[in-house]
Structure formats: structure tokens, C-alpha cells
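# Below are the sequence and a predicted model for it; my questions follow.
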Amino acid sequence: MFVKEWMSRGLITVAPNATLDEALKLMETNKIRRLPVVDGGKLVGIVTDRDLMKVSPSPATTLSKYELNYILEKIIIKDIMSKKLYTINQNSTIEEAALILFNEKIGGIPVVEDSGAIVGVITETDLFKAFVNIMGLTEGKTRFTLEVENKVGIVKEIAGVFSEAGINISSMVTCHRDDDNIYELVIRANVDNTDAEIVKEKLSAKGFNVCHIAKIG
């Protein structure tokens with residue numbers, strides 16, 4: 001899966017000379033939390049709702065309405081935007097995007113073409129949508145969770161049990177446990193409760209530990 005398939009394309013940007021008030025209104029109107037700052041088609045920074053709130057007058061302020069408006073119109077985006085930019089190419093994988101967000105503790109990054117032109121933004125919400133799709137969570141399939149050893153051929157053995165039962169595996173994901181030699185293997189398949197129990201019995205007979213079965217979605 002690639003960034004271009006999951007990014008938000010309805011790109012809303014702000015100019016570096018825009019005011020704090022203009023940026024606040026853009027975020028409020030479009031229900032977004034970050035704005036790429038673009039100058040002459042070039043990405044020059046990014047400003048988030050947190051950046052704006054840091055410099056906005058407190059709700060408990062004693063300033064008059066006119067004084068507040070004066071402040072909001074005097075603060076310019078280029079003075080508060082972050083110039084340290086993290087970007088990702090639209091042809092990068094969603095795993096690469098997720099790793100950047102995780103490592104840098106940010107909620108979204110601008111997406112650029114090979115030419116450097118900004119074409120979208122990919123956010124934590126977009127990645128959640130991708131995760132739900134990858135895991136097949138909306139398809140109402142049965143989830144099998146197994147604890148398996150980290151050894152060559154283990155996945156083939158387990159897939160063979162499903163194949164023998166005439167059941168097609170829709171998705172398969174592995175996750176490390178604290179013990180480096182043990183994995184958690186999550187398999188999704190379109191089966192009813194009866195078939196799920198049959199598969200569990202067949203897996204158990206071959207020595208596999210099926211620790212959880214549930215229908216999700």
C-alpha cells in the first residue's frame with residue numbers, strides 16, 4: 001500500500017503572510033489541525049493548531065474585542081510556523097509514513113511529488129483507515145490468534161490446515177512477543193462458528209496454540 005492511495009487530497013494551504021486569524025478560520029471551517037505553508041507553489045513550512053493556540057490570547061484575557069482582533073491580525077504565520085519540515089513522497093509506502101509520524105511524534109506530514117510539489121497530506125487518521133482496511137475489520141470475518149514459534153515454514157504449515165479445511169485465508173499479520181522466539185499470528189478468514197471450531201481442532205491436533213477466536217466487524 002502506498003501513500004498516494006490513502007493521503008488526503010483536498011489540499012488546504014496557507015500563505016506565509018496570512019494572519020493568525022485567517023489560519024484559525026481555515027482550520028475551524030475545514031475541521032483540520034494542520035496547514036502546509038506554501039509560497040509560490042513551494043512548501044516552506046507547516047503550522048498546527050497547537051502552534052496557533054500557543055500564541056492566541058487566553059480565553060480568560062481581559063483584553064477588549066478590538067484589542068483581541070488587533071493581536072490576531074498582527075501575528076503572521078511565517079513568524080510562528082515550523083520550518084523543520086518532514087515530507088514523504090506519494091510513492092512511498094504507508095509503513096514509511098507511519099514510521100515518520102511515530103519517530104517524530106507528529107500527527108501528519110505533507111506529501112510531495114518527485115518534483116517537490118505538494119499534492120496532499122497523510123495523517124494519523126488516514127493511517128488508521130489503512131490499518132482497518134488491511135486488517136479487514138469492516139468485512140465481518142473471523143479472527144484467529146495463534147502463538148507460534150519463530151521458525152522457517154511455520155506459516156506454510158498453518159496455511160495448509162486452512163487449505164485442507166477448504167477455507168481461504170483473507171489476511172495474515174504477525175507481531176513480536178517479548179520472547180523473541182514467539183510470535184503472535186493473526187489470521188482472518190470468512191468462516192462460521194462451526195467451521196472456526198473445526199479449524200481450531202485441526203490446528204490444536206498439529207500442536208498449534210489457538211489462544212483466541214472472535215468475529216469482528
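Now that the structure is in, tell me what you want to look at.
# Number of residues surrounding residue 17?
Number of residues near residue 17 (other Cβ atoms under 10 Å) recorded here: 11. Quick note: C-beta positions are derived from backbone N, CA and C, even for glycine.
# Point to the residue nearest the middle of this structure.
Nearest residue to the geometric centre of the chain (Cα atoms, centre = their mean): residue 127, 2.0 Å.
# tell me which element the closest residue to it other than its chain neighbours is part of?
Leaving aside its chain neighbours, residue 127 sits nearest to residue 98 (5.3 Å; criterion: Cβ to Cβ, 6 or more residues apart in numbering). Element membership of residue 98, judged by DSSP states H and E, is helix 94-104.
# other SSEs contacting that helix?
Contact here means 3 or more Cβ pairs under 8 Å, 6 or more residues apart in numbering; DSSP states H and E; on that basis helix 94-104 packs against helix 3-6, strand 88-89, strand 108-112, helix 124-134.
# average pLDDT for the longest one?
Okay, so that is helix 124-134. On average, the pLDDT along helix 124-134 is 92.
# Let me know the next secondary structure element after it.
Once helix 124-134 ends, the next helix or strand along the chain (criterion: DSSP H and E) is strand 141-149.
# Quick one: name whatever helix or strand follows that next one.
helix 154-164.
# I would like the residues contacting the following helix or strand past that following helix, please.
Moving toward the C-terminus from helix 154-164, the first helix or strand encountered (DSSP H and E) is strand 169-176. Strand 169-176 has contacts (Cβ atoms under 8 Å, 6 or more residues apart in numbering) with 134-136, 139, 141, 155, 159, 162, 183-190.
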